[in-house]
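Colleague: Quick one, fold the following:
(chains A, B and C)
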Amino acid sequence: MGRVLVRQVLFLLGLAFLPAIGQALYYRGTVSWQQRPVDSAAVSVEEAKNWGGAVLWVDARAEEPFAKAHVPGALRLDEDGWDTLLPSVLAAWSPERKVVVYCSRETCNASHAVAERLRHEVQLKNIYVLQGGWEEWENKK
Amino acid sequence: MKTRVLFSLILALPLAAHGALVWESESADLHPSLQDKDAVAHFKYKNTGDKPIKIVSVHPSCGCTTAALAKDVVDPNESGEITATFHIGDRSGVQQKTIGVTTDDKPGQVTLLKLKATIPQLLKISPTFLFWAPTDALDPKPITVTVGGDFPVTKLNVTATDKAITTEVKPGPGEKDFRIFVTPTESGRPINAALKIEPDFPKEAPKTFYANVRVDSRAKAAAKK
Amino acid sequence: MTALPRSKILERILAIIVGAVFIYAGFLKARDPVHFASDISNYQMVPWSVGVRLAFYLPWLELVCGFALVLHRFFSGALAITIALLLAFLGATAWARIHGIDVSCGCFGSAGTNLTLAWHLAILAGLLLASIYLWCTRERVRFA
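Modeller: Purely as a prediction, here's the structure:
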């Protein structure tokens, strides 16, 4: 009985292998096999501060929290007013700068959504999301 | 799909046993049309217990979603609903937002109402930004515009906010594509312009799409030559 | 052990249910292996290089075992793999919970309970129980 079981298990494990290999071959050019794709590039407050003036800070929060306080020099950009706010960000941008997007804290989604659009629609390079968001920036003052 | 029904049955049963305020559904799948500015979901609930329940807080995950409550105390056997309005703005594609609801019968616990809206994308513009560095030659660069779904767009009207930017629209690689070739003409100044892209559909309520163009000053580079 | 209630019809139905769930789950994951690789990576249990290869293999293993259960072929083997997979999934979900990893990553923030996690675990546990029951009541065959 044991032998039958082992044979069946090995057969099924092997059978699944075939389409898996096929699919992997199909995707081989587009998948990163070694490291997680840098898509969700995050940067800590310390590191971002070290970059100094090279950073273009983008605040993905709403008008009210932005007006109350924001990272010095930060420009606001959120999905609600994307078309109106984007031009100012683009005017301030240059290829050597690093864009760091933040929202209220680590778990909010706005910074990731804005960063994704900057990467894919606007096709800018060096887009980062601030780890911990505005909360962390305040903590590290 | 049998399994999906099975899943939702399994999921629904314990929900009924979970607490006095019972939700008809905790998720909404919305498909707003092209002209809609908002996508609205109604989350209905009923108090199946014998004590009145107070809805303590209703907290949407982002500013783009507002939630309205008719009244906050729900008597036994009473039904009500939370109306969630998701403001579409300039968004497109699949958007998922949540609304956290806390009630006084389960302090410390949050019920997450999930709102999923599939926003139709009339045009997909890629990229939305073109940049010429001081050392780049002023060669034309293309922007690919793909028409989404079955929208009958036959023409694009493109205008630039700066006369130094010229554009030419050609039919694109695919059947439903267009390509806008953007060429900056020589000017001694930096250019920060927007391109207004207007499709010929829908005629009654035309939508304008935008792309941005930046050409950095070549005055320095020219002076070096 | 012999006191287990038996019913061939019940066993067949359970096998089909478990098999169908695995076929459905495997199909969903096989459609987008890159997305699955990203999900595995969120659990932070294995490095990306391992996770991405698992992401390409596991969905097909689920599909193959699911079909085996439904068609009642290679049944014992499929059951053994199914039980192992369910234990692994339950373990991973428990791991993520212990480490406070929010794999659903909603933008709501540090809220209270996440209802769907509890039911996710309940469904996995239900499938595991059904699979163990099927294992205990399976026919011991003397030929392949």
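
Colleague: Next up, the contacts around the spatially most central residue of chain C.
Modeller: Residue closest to the mean C-alpha point of chain C, counted by CA atoms, centre = their mean, is C:Leu86 at 3.9 Å. Neighbour list for C:Leu86: C:124, C:127-128, C:131 [criterion: CB atoms under 8 Å, 6 or more residues apart in numbering or on different chains]. C-beta here means a position set from N, CA and C on the backbone, and glycine is covered the same way.

Colleague: pretty sure C:Leu90 contacts C:Ile123?
Modeller: No. Here C:Leu90 does not reach C:Ile123: they are 10.4 Å apart, not a contact under CB atoms under 8 Å.

Colleague: And what about the residue nearest to the centre of chain C, helix, strand or coil?
Modeller: Here C:Leu86 is recorded as helix under DSSP: H, G, I helix; E, B strand; the rest coil.

Colleague: same thing with B:Pro107?
Modeller: Quick answer, by three-state DSSP: B:Pro107 is coil.

Colleague: Just the strands from chain A, written as ranges.
Modeller: In chain A, the segments counted as strands under DSSP state E are A:42-43, A:55-59, A:75-76, A:98-102, A:127-130.

Colleague: These: lowest mean pLDDT?
Modeller: Sorting the strands of chain A by mean pLDDT places strand A:42-43 lowest, at a mean of 86.

Colleague: care to break chain B down by domain?
Modeller: Following automatic domain parsing, one gets these domains for chain B: B:18-119, B:123-224.

Colleague: same check, this time on chain A
Modeller: If you go by automatic domain parsing, chain A breaks into A:1-31, A:38-139.

Colleague: Output the contacting helices and strands for the least confident helix or strand in chain C by mean pLDDT.
Modeller: Least confident helix or strand, chain C: helix C:33-42 with a mean of 80, by mean pLDDT, DSSP states H and E. Packing contacts for helix C:33-42, counted by 3 or more CB pairs under 8 Å, 6 or more residues apart in numbering or on different chains; DSSP states H and E, involve helix A:2-27, helix C:48-71.

Colleague: How about it, which residues are buried there?
Modeller: Across helix C:33-42, burial judged by 16 or more other CB atoms under 10 Å in any protein chain shown covers C:33, C:36-38, C:40-41.

Colleague: Need those in CSV (columns: distance to A:Leu75).
Modeller: Shown next, in CSV, are those (distance: CB to CB, whole Å):
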residue, distance to A:Leu75
C:Pro33, 37
C:Phe36, 36
C:Ala37, 34
C:Ser38, 29
C:Ile40, 36
C:Ser41, 31
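
Colleague: now, among these, which is nearest to A:Ala42?
Modeller: Of all these, A:Ala42 sits closest to C:Ser41, with 13.6 Å by CB to CB.

Colleague: In space, what's closest to that closest one - neighbours in sequence excluded?
Modeller: Leaving aside its chain neighbours, C:Ser41 sits nearest to C:Gly51 (5.2 Å; criterion: CB to CB, 6 or more residues apart in numbering or on different chains).

Colleague: Could you pull up the mean pLDDT of stretch B:74-82?
Modeller: Here the average pLDDT along stretch B:74-82 is 89.

Colleague: go on, stretch B:104-115?
Modeller: pLDDT averaged over stretch B:104-115 gives 81.

Colleague: Nearest to chain C: which residue in chain A?
Modeller: In chain A, no residue comes nearer to chain C than A:Gln8, which is 2.5 Å away by CB to the nearest CB.

Colleague: Test my guess that that residue contacts C:Ala78.
Modeller: Yes. Under the criterion of CB under 8 Å, A:Gln8 makes contact with C:Ala78 at 7.3 Å.

Colleague: give me the low-pLDDT residue ranges for chain C?
Modeller: For chain C, the stretches with pLDDT under 70 are C:1-5, C:99-118, C:140-144.

Colleague: in it, which spans are helices?
Modeller: C:8-31, C:33-42, C:48-71, C:75-98, C:115-136 (DSSP state H).

Colleague: Deepest-packed of the ones you listed, please.
Modeller: Ranked by mean neighbour count, the helices of chain C are led by helix C:48-71 with a mean of 21 (mean count of other CB atoms under 10 Å in any protein chain shown).

Colleague: same for that helix, what does it pack against?
Modeller: So helix C:48-71, by 3+ CB pairs under 8 Å, 6+ apart, packs with helix A:2-27, helix C:8-31, helix C:33-42, helix C:75-98.

Colleague: can you list those in CSV and add distance to A:Asn50?
Modeller: Below are the helices and strands packed on helix C:48-71 laid out as CSV (distance: least, CB to CB, whole Å):
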stretch, distance to A:Asn50
helix A:2-27, 37
helix C:8-31, 40
helix C:33-42, 27
helix C:75-98, 32
